[in-house]
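Chemist: Give me the fold of what follows.
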Amino acid sequence: MKARDLLDLMLLGAIWGASFLFMRLSSPEFGPLTLAFLRVAGAALLLLPILAWRHGLQSWRGKGSALLAAGFLNSALPFALYAYAALHLPTALSSILNATVPMWGAVVAWVWLGQRPGPWRVLGLALGFAGVSWLVLAKSGASLEGETRTLAVLACALATLNYAIGAVATKRWLGDVPPVAVAAGSQLGASLCLLPFGLWAWPSATPSPSAWLSLLALSLLCTGVAYLFYFRLMHRIGPTQAVTVTFLIPVFAVIWGAVFLHEALTLSMLGGGLLVLAGTALALGLWPRR
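Modeler: Sure, this is the predicted structure:
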């Protein structure tokens, strides 16, 4: 991997790691549904002019339903679920659970595409699910009732499953569409999906300026700009190496949570997180090397 690609990968990990911090800061004031709607709407407003400038709007022709479905699977539902989890879970725990996306991707490819994993990848899936179970059962440093904590963890797990389904669906339905057009179209589709729910759940009290700033950073930087970075990496180094950003996100999320929210990494989170990351590495085929 070239130095420029490695730098982009590190920067993307830092940006996506910060998204959990910004959700934690803004979700209590906006609410999960409104926050998710404003997040994708802002990203769409950023990406659409870029797509128009590149004369890529015509690539949407005949792809309306696919873009709407991709927006729902890749953004609308998972963003709302993660915004709900941000009300109850530390940023480090949410980001560790996000690392299961490639693991779910292996399961979806197995079920949907018939790509049967080898024995090492099966072991990785087992370790990953064991790590998630550990995080569900452990207290994870959060002073919550067991039921609330379990629902929040399950919300993250469902969100990552949707990411995996959305990735396979996008590849099958929109494989011939330029990446920037997919990013802009999916964010527009997600905005349409969330519009009635975001308006219905609009907060009665006006959010604070700091919550609005967190929302802007979450929408423009952690969604719009991050998608541009990610698709550029996918084009240059391929999907297998680009997805290794999954391992960097929890590291940066722990750092941002510790610096700005004074969150601690507990032994329960560390143990479950190591199992999740080890399982993800095996499920991706990154280890062991032949």
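Chemist: From here on, just use CA atoms for contacts and neighbour counts.
Modeler: Will do.
Chemist: what ranges do the helices span in the stretch 51-200 of the chain?
Modeler: For the stretch 51-200 of the chain, the helices defined by DSSP state H, counting those that start in this stretch occupy 64-71, 77-86, 91-98, 101-113, 119-137, 146-173, 179-200.
Chemist: Run through the neighbouring helices and strands of the first one.
Modeler: Contacting helix 64-71 under the criterion 3 or more CA pairs under 8 Å, 6 or more residues apart in numbering; DSSP states H and E are the following elements: helix 146-173, helix 179-200.
Chemist: Equivalent analysis for the fourth one, please.
Modeler: Contacting helix 101-113 under the criterion 3+ CA pairs under 8 Å, 6+ apart are the following elements: helix 119-137, helix 146-173, helix 267-284.
Chemist: Serialize those helices to a markdown table and add fields for mean neighbour count, mean pLDDT and distance to A205.
Modeler: Formatted as a markdown table, those follow (neighbours: other CA atoms under 10 Å; pLDDT from 0 to 100; distance: least, CA to CA, whole Å):
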| stretch | mean neighbour count | mean pLDDT | distance to A205 |
| --- | --- | --- | --- |
| helix 119-137 | 20 | 77 | 33 |
| helix 146-173 | 20 | 85 | 24 |
| helix 267-284 | 22 | 77 | 34 |
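Chemist: Which of the helices of the stretch 51-200 of the chain sits closest to L45?
Modeler: Relative to L45, the nearest member of the helices of the stretch 51-200 of the chain by CA to CA is helix 179-200, separated by 8.4 Å.
Chemist: and the closest one, how far from the chain's centre?
Modeler: Relative to the centre of its chain, helix 179-200 is centred 15 Å away, using CA atoms, centre = their mean, to the nearest Å.
Chemist: Contacts for that helix, please.
Modeler: Identification of contacts with helix 179-200 by CA atoms under 8 Å, 6 or more residues apart in numbering yields 33-38, 40-41, 43-44, 47-48, 51, 56-57, 59-60, 67-72, 74-76, 174, 227-228, 231.
Chemist: Count the neighbours of L213 for me.
Modeler: 14 (other CA atoms under 10 Å).
Chemist: Any of the contacts of helix 179-200 buried? List them.
Modeler: If you count burial by 16 or more other CA atoms under 10 Å, the buried members of the contacts of helix 179-200 come out as 33-38, 40-41, 43-44, 47-48, 51, 56-57, 60, 67-72, 74-76, 174, 227-228, 231.
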